[in-house]
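>>> need coordinates for the below:
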Amino acid sequence: MLGMALVALDGTAVATAVPQIVGDLGGFSVFSWLFSGYLLAVTVSLPVYGKLSDTFGRKPVLLFGSALFLLGSLLCAVAWDMGSLIAFRILQGLGGGAIQGTVQTLAADLYPLRERPRIQARLSTVWATFSIAGPALGGLLAAYADWRWIFLLNLPVAGLAMALTVRHLTETARAPGPRPPIDWAGAAGVFACGGLLLFALVQGGVAWPWWSWPTAALLGGSALLAGAVGVIERRAADPILPGWVWRRRTIAAVNLAMAALGLLMIAPIVFLPTYAQSALGLDPVGAGFVMSAMTLSWPITAALSQHVYRRIGFRDTAVLGITLATLCLAAFPLLPHPAAPWQPALLSLALGASLGLFQLPLIIGVQSTVGWSERGTTTASVLFCRQVGQSVGAAVFGAVANATIAARLAGEPVSGLPDHLDGVSRALAEPGGLTEAAAAHLRAAVVAAVDHVYTGAAAAAVAALLVLLLLAPRRFPVLPELREEQTESARS
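Have a look, this model is predicted:
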């Protein structure tokens with residue numbers, strides 16, 4: 001839980017300190033890589049750490065990741081310019097990937113099936129709590145101390161987490177015998193392929209237009225590397241990305257469903273706060289409350305989901321959750337304009353409750369279909385697909401929102417509108433420079449853009465529903481020993 005808190009806190013605390021960081025170090029044109037670089041490093045390292053944890057055990061991988069995160073935090077605190085800070089944030093991300101994947105795998109290793117929902121709910125609560133607290137803490141430190149303390153505070157927490165891991169985490173001894181060689185070529189290929197793909201998705205439409213040669217070159221390069229990785233992995237004795245991850249129906253279905261989850265989550269995480277501030281006129285605290293309603297209900301239904309999937313199964317519980325989530329997402333464009341703040345907050349609350357029924361049964365279910373030696377790889381593949389889905393969602397829905405607002409600005413039906421997209425948020429933040437008609441038109445444009453994003457998110461939820469119904473088996477092939485345990489728990 002301490003390790004999970006580290007990753008969650010550091011992913012959000014930096015955001016509110018960006019003005020102070022840029023004022024101190026410069027580099028305004030590239031500061032977005034403080035987040036993009038971190039996300040890229042976490043995402044591309046997940047499959048590698050998953051395989052390494054299956055080969056060497058969870059404990060050494062978790063300790064290595066925590067040490068790397070600690071070192072990255074220390075170096076971030078002494079960064080001398082924006083370039084060095086971005087490089088050290090990437091180093092942090094490489095440690096965060098080990099922590100994020102291994103913690104989720106350990107939850108399946110250490111706790112029986114009947115206790116796992118409670119533990120996973122606690123992990124979800126930690127993630128939600130520290131994700132919400134991160135911006136507030138980052139703002140306070142930047143305003144009243146120094147932004148470098150955001151990273152220095154990681155040091156005692158990471159040190160305590162490592163000390164507790166060394167002292168209390170005991171893994172079952174592996175059977176003696178030679179270990180297969182590490183697939184370093186496959187690991188390098190996964191890093192390069194994933195890095196090019198995410199770099200294209202993050203920078204496309206920002207640093208250069210989508211329809212341009214840099215985007216085509218990056219996407220083409222990632223496709224060629226994906227083919228090369230496939231050849232390398234087929235020949236490897238113990239591949240980083242084994243083919244069975246996609247040949248087994250259950251794992252493939254869960255991977256695709258989690259990719260759709262990552263995609264649809266962009267709507268409430270990224271666009272709902274913008275809607276709350278620009279369209280409803282709330283301050284950042286009020287906008288955060290609207291979004292945080294989702295994180296309040298998610299862990300509760302996740303913890304209670306065991307009472308559902310023990311009776312109707314993992315797949316049908318997830319089908320129920322994603323069906324309800326589809327209805328919540330599709331209802332958002334039906335809200336009146338202007339909406340009362342409680343209306344999107346209520347939908348956010350219902351969406352979180354629905355997704356708690358969707359995500360956790362899939363993770364617990366797919367972990368229960370594999371043994372110890374495959375659990376790290378399986379868990380990492382699920383998290384990797386969710387992260388890639390988020391990156392794709394940010395790119396796709398960002399393009400949808402920009403196109404909608406640009407279309408509303410075209411033709412200038414009213415005077416005083418900004419000339420370009422970059423001026424929209426600035427104009428809404430300082431409405432004194434706008435006429436009443438221009439401000440109303442901009443707010444309506446933002447509402448239309450967010451409505452389109454939520455419609456796309458609802459389509460992603462429908463895709464997840466179809467994947468589960470058409471590809472996932474109705475009853476997950478749970479290992480016999482876990483099936484007996486689940487049956488005894490249900491009887492009791």
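>>> show me what counts as buried in the helix ranked longest in the chain.
In the chain, with assignment by DSSP state H, the single longest helix is helix 372-409. The neighbour-count check on helix 372-409 (16 or more other C-beta atoms under 10 Å) flags 372, 374-398, 400-401, 404-405, 408-409 as buried. Any C-beta I mention is one placed from the backbone N, CA and C, and that applies to glycine too.
>>> would you mind measuring from residue 474 to residue 314?
Distance of residue 474 to residue 314, computed by C-beta to C-beta, to the nearest Å: 9 Å.
>>> what of residue 270?
Distance from residue 270 to residue 314, by C-beta to C-beta: 29 Å.
>>> quick one: which of these two has more around it?
Taking neighbours as other C-beta atoms under 10 Å, residue 270 and residue 314 compare with residue 314 leading, 29 against 18.
>>> in this structure the more buried one contacts residue 362, no?
Yes. Contact status for residue 314 versus residue 362: in contact at 6.7 Å, counting by C-beta atoms under 8 Å.
>>> which ones are touching residue 257?
Contact analysis of residue 257 by C-beta atoms under 8 Å, 6 or more residues apart in numbering lists 318, 322, 358, 362, 464, 467, 468, 472.
>>> tell me the buried residues within the residues you listed.
Using 16+ other C-beta under 10 Å, the buried members of the contacts of residue 257 are 318, 322, 358, 362, 464, 467, 468, 472.
>>> list phi and psi for the spatially closest residue to the last one that is not a sequence neighbour.
Just to be clear, that refers to residue 472. If the residues on either side of it in the chain are set aside, residue 472 comes closest to residue 253, at 3.7 Å by C-beta to C-beta, 6 or more residues apart in numbering. Reported as degrees, to the nearest 10, the phi and psi values for residue 253 are phi -60, psi -40.
>>> if I read this right, residue 253 contacts residue 469, doesn't it?
No. If you go by C-beta under 8 Å, residue 253 and residue 469 don't touch, sitting 9.6 Å apart.
>>> and those two? which has more neighbours close in?
Remark: of residue 253 and residue 469, residue 253 carries more neighbours, 23 against 14, as counted by other C-beta under 10 Å.
>>> mind checking pLDDT for the more buried one?
pLDDT, residue 253: 94.
>>> then residue 480?
At residue 480, pLDDT is 71.
>>> go ahead and flag the most central residue of this structure.
Most central in the chain under C-alpha atoms, centre = their mean is residue 387, positioned 4.9 Å from the mean C-alpha point.
>>> for that residue, which non-adjacent residue is spatially closest?
residue 43 (4.1 Å).
>>> hang on, the one you found is in a helix, isn't it?
Yes. Counting by DSSP: H, G, I helix; E, B strand; the rest coil, residue 43 is part of a helix.
>>> was I right to think it contacts residue 96?
No. Residue 43 is beyond contact range of residue 96, at 10.1 Å (criterion: C-beta under 8 Å).
>>> can you list the domains in the chain?
1-170, 184-241, 244-492 (automatic domain parsing).
>>> and the gap between the residue nearest to residue 472 and residue 50?
18 Å.
>>> ok, now residue 145?
Going from residue 145 to residue 50 by C-beta to C-beta gives 37 Å.
>>> okay, and which of the buried ones among the contacts of residue 257 map to helices?
Using DSSP H, the buried ones among the contacts of residue 257 in helices are 318, 322, 358, 362, 464, 467, 468.
>>> which stretches of the stretch 201-350 of the chain form helices?
Secondary structure of the stretch 201-350 of the chain (DSSP state H, counting those that start in this stretch): helices at 213-235, 244-247, 249-264, 266, 272-278, 284-304, 306-312, 314-331, 342-367.
>>> so where's the stretch 151-300 of the chain uncertain?
173-180, 202, 204-207, 283-285, 287-288 (pLDDT under 70).
>>> let me redo that: the stretch 301-450 of the chain
Of all residues in the stretch 301-450 of the chain, those with pLDDT under 70 make up the ranges 411-435.
>>> how about a cut-off of 90?
Low-confidence segments of the stretch 301-450 of the chain (pLDDT under 90): 301-311, 313, 335-345, 348, 356, 359-360, 364, 367-381, 383-450.
>>> what angle separates the longest helix of the chain from helix 342-367?
For helix 372-409 against helix 342-367, the angle by axes from the mean of the first three to the mean of the last three C-alpha atoms, to 10 degrees is 150 degrees.
>>> list the helices and strands helix 372-409 packs on?
If contacts are counted by 3 or more C-beta pairs under 8 Å, 6 or more residues apart in numbering; DSSP states H and E, helix 372-409 sits against helix 33-56, helix 82-110, helix 184-203, helix 244-247, helix 249-264, helix 266, helix 342-367, helix 436-470.
>>> and the last one with helix 372-409, angle?
Going back to what we said before, that points to helix 436-470. 150 degrees.
>>> for helix 436-470, what is the distance to the chain centroid?
A distance of 19 Å separates the centroid of the chain from that of helix 436-470, by C-alpha atoms, centre = their mean, to the nearest Å.
>>> could you do stretch 98-105 as well?
13 Å.
>>> pLDDT on that stretch, on average?
88.
>>> thinking again about what came up before, so which of the helices and strands packed on helix 372-409 comes closest to residue 26?
helix 82-110 (6.0 Å; C-beta to C-beta).
>>> work out the gap between that closest one and the centre of the chain.
The chain centre lies 13 Å from the centre of helix 82-110; the measure is C-alpha atoms, centre = their mean.
>>> over to stretch 245-253?
Using C-alpha atoms, centre = their mean, the offset of stretch 245-253 from its chain centre is 21 Å.
>>> what residues of that stretch count as buried?
Neighbour-count burial for stretch 245-253 flags 245, 248, 250, 251, 252, 253 (criterion: 16+ other C-beta under 10 Å).
>>> next, format these as JSON lines and append distance to residue 22.
Listed next are these as JSON lines, based on distance: C-beta to C-beta, whole Å:
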{"residue": "245", "distance to residue 22": "41"}
{"residue": "248", "distance to residue 22": "47"}
{"residue": "250", "distance to residue 22": "46"}
{"residue": "251", "distance to residue 22": "43"}
{"residue": "252", "distance to residue 22": "43"}
{"residue": "253", "distance to residue 22": "44"}
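>>> would you verify that residue 172 is located in a strand?
No. Counting by three-state DSSP, residue 172 is not found in a strand; it is coil.
>>> alright, that wraps it up for me.
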